[in-house]
Each structure stands twice: as C-alpha cells, then as structure tokens.
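[1] Build the 3D model from these lines:
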Amino acid sequence: MKKYALLSLLVLASLVLGACGGTAEKVQVATDATWPPFEMVDEATKQIVGFDIDLMTAIAKEGGFEVEFVNVSWDPLLAGVAQCQYDAAISDMTITEERAREMGFSDPYFAAGQVVTVRIDETAIAGKDDLTGKTIGSQLGTTGEFEAQKISGATSKSYDSIDLAFADLMNGQIDAVIADNPLAIGYVGTNPDKLKTVGPVFTDENYGVAVCKTDTELLAKINAGLAAVKASGLIDELTTKWLANQ
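    Down below sits the predicted model:
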C-alpha cells in the first residue's frame, strides 16, 4: 500500500514540476525570405537570417515563448495568417486598414516607405513623377504594387517575389521597381554597379508583426516583448547591423 502511495506522489510531483517548469510555448512565425536585408536565406548555412529574424527572436525571448520560422511566399503568408494557419508573421509587413480587418498587428517597429529603383545608367527617371508611360515592377499584394497601379499612364507588372522584379529591371525588361525603401537600399547595396534609387520616399508606412486575429494572448506577449526590445536599444543595433552598410 505504501508502495502505491509513494508511486502516486511521484507521479503527482512530476506533473506539478512539469507544469511549473515546462518548455516555453512554440509559436510558428511565417516569413517571406526574399526581402533582404530583413529576411533572406543565407546561401552558406541555408538558414533564414535578417533584421526581422533577429528582432522576432529577441521579442520571443522577452515575451517568454519560442519561435519556429517558416519560409512562405507572400500570398500564402497573408492568407495563412488571416486563416490562423500560422500563429504570426514578420516580413516587412506594412500595417494597413485592409490587412488589419483580417489579422491582428503588433505595435509598429520600423518606419518605412516606397521608393523608386532604376538602372544605374537611367537618366530619364528622377522619381515617381517620371514613371508615366513606363513599365513598373513590384511584388504582388504589396504596398509597392498598390502604388504602382495608381500611376496614370504607367504599366504595372506584378511578380510573385520581389527578387524577380529586380532581376527584370537589371535585365532591361522593365523600367523601374517600386518597393519598400529599406529593401530597395539592400538591393542597390548588393548591386551598386547596376541599380540606384531615385527621388524621395513617397509614402509613410510602419511595419508590424501580424498575428492570428483571435490570438489576443499572443499579441499581448509580442507587444510586451517588443516594448522591452525597444527599451533596450536593440532596434538601433539591428539597423546598424543590417542597414547601415547597404
């Protein structure tokens, strides 16, 4: 009888200890790893790296959960978060009213905007106002595409991934690309003999972490982690690490 009582106590103790010291919640975070320097695949290690990856990892540490990153193309990423197939997403995602109707958003973590990129030898395009009659590349479903479609007399060409748009630009298939300023700077930085940005940043946008709309608990953890990260000065450090040398 004492043996069974002892066994029961041991089982109960293991359950209590497991509940108190169990592993942290694992959160599946989608990202479209074709947007350097915010998210990309390191060719040497095949790991997803970048500003957003470092930031989300730090947010998770401060928020008390673990992150599992999933590399997903842009449209499935948006649909997946809206349908709660993924817990969250971080991928240079601008907070918009339309998106906020389908998913939750964290507090903003980065201010950005759209800018025009052209070939290095381009002299006729000095900014957005010179794009009438031109063919403009952008990524499908992004604010860059929305802005390209607004330009009267221009042809908007949408791509499944932004790297294809920049490849066509460098190959002379299109005249310009409209994309987020940090992203454009990244591509210019890696192709300084082929690309340049022209004109000012012409929109005012903020990036946020998208979250399954019904998961208010996770959103609260992300916002708490983000607040701690901001207070520590890490965002400035990541800006220097990933953007200063672009």
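[2] Quick check: the residue nearest the centre of the chain vs Ala179, distance?
    By C-alpha atoms, centre = their mean, the chain has its centre lying nearest to Ser91, at 1.2 Å. Distance of Ser91 to Ala179, given as C-beta to C-beta, to the nearest Å: 13 Å. For glycine as for every other residue, the C-beta is placed from the backbone atoms N, C-alpha and C.
[3] Next, the residue nearest to the centre of the chain: secondary structure please.
    Here Ser91 is recorded as coil under DSSP: H, G, I helix; E, B strand; the rest coil.
[4] which residues of the chain fall in helices?
    Using DSSP state H, the helices assigned to the chain run over residues 2-21, 51-63, 74-82, 97-100, 143-150, 162-170, 181-190, 216-232, 234-242.
[5] Would you agree Gly80 is in contact with Tyr86?
    Yes. The criterion here is C-beta atoms under 8 Å, and Gly80 meets it with Tyr86 at 4.6 Å.
[6] In the protein, where is pLDDT below threshold?
    By pLDDT under 70, the weakly predicted segments of the chain are 1-24, 245-246.
[7] swap the cut-off to 90 and go again
    1-25, 35-36, 161, 182-183, 185-187, 189-190, 239-240, 243-246 (pLDDT under 90).
[8] residues contacting the residue nearest to the centre of the chain?
    Counting by C-beta atoms under 8 Å, 6 or more residues apart in numbering, Ser91 makes contact with 30-32, 35, 38-39, 52, 74, 77.
[9] Pop out the phi and psi values for it.
    Main-chain torsions, Ser91, degrees, to the nearest 10: phi -170, psi 60.
[10] How many residues are close by Val81?
    By the measure other C-beta atoms under 10 Å, the count of residues near Val81 is 27.
[11] Quick check, it in contact with Gln28.
    No. Using C-beta under 8 Å, Val81 is not in contact with Gln28; the gap is 10.3 Å.
[12] residues shared between the contacts of these two?
    Listed as contacting both Val81 and Gln28 by C-beta under 8 Å, 6+ apart are Ala88.
[13] For Phe202, give its distance to Phe166.
    Between Phe202 and Phe166 the computed distance is 19 Å (C-beta to C-beta).
[14] Between the two, which is the more surrounded one?
    Per other C-beta under 10 Å, whichever of Phe202 and Phe166 has more neighbours is Phe166, with 25 against 15.
[15] Leaving out sequence neighbours, find the closest residue to the more buried one.
    Tyr187 (5.1 Å; C-beta to C-beta, 6 or more residues apart in numbering).
[16] give the contact list for the one you found.
    By C-beta under 8 Å, 6+ apart, the contact list for Tyr187 reads 36, 117, 166, 179, 195.
[17] for Ile53, same thing?
    Listed by C-beta under 8 Å, 6+ apart, the contact set of Ile53 reads 31, 39, 69, 90.
[18] Which one of these sits in the busiest neighbourhood?
    Highest count within the contacts of Ile53 by other C-beta under 10 Å belongs to Ile90, 29 neighbours.
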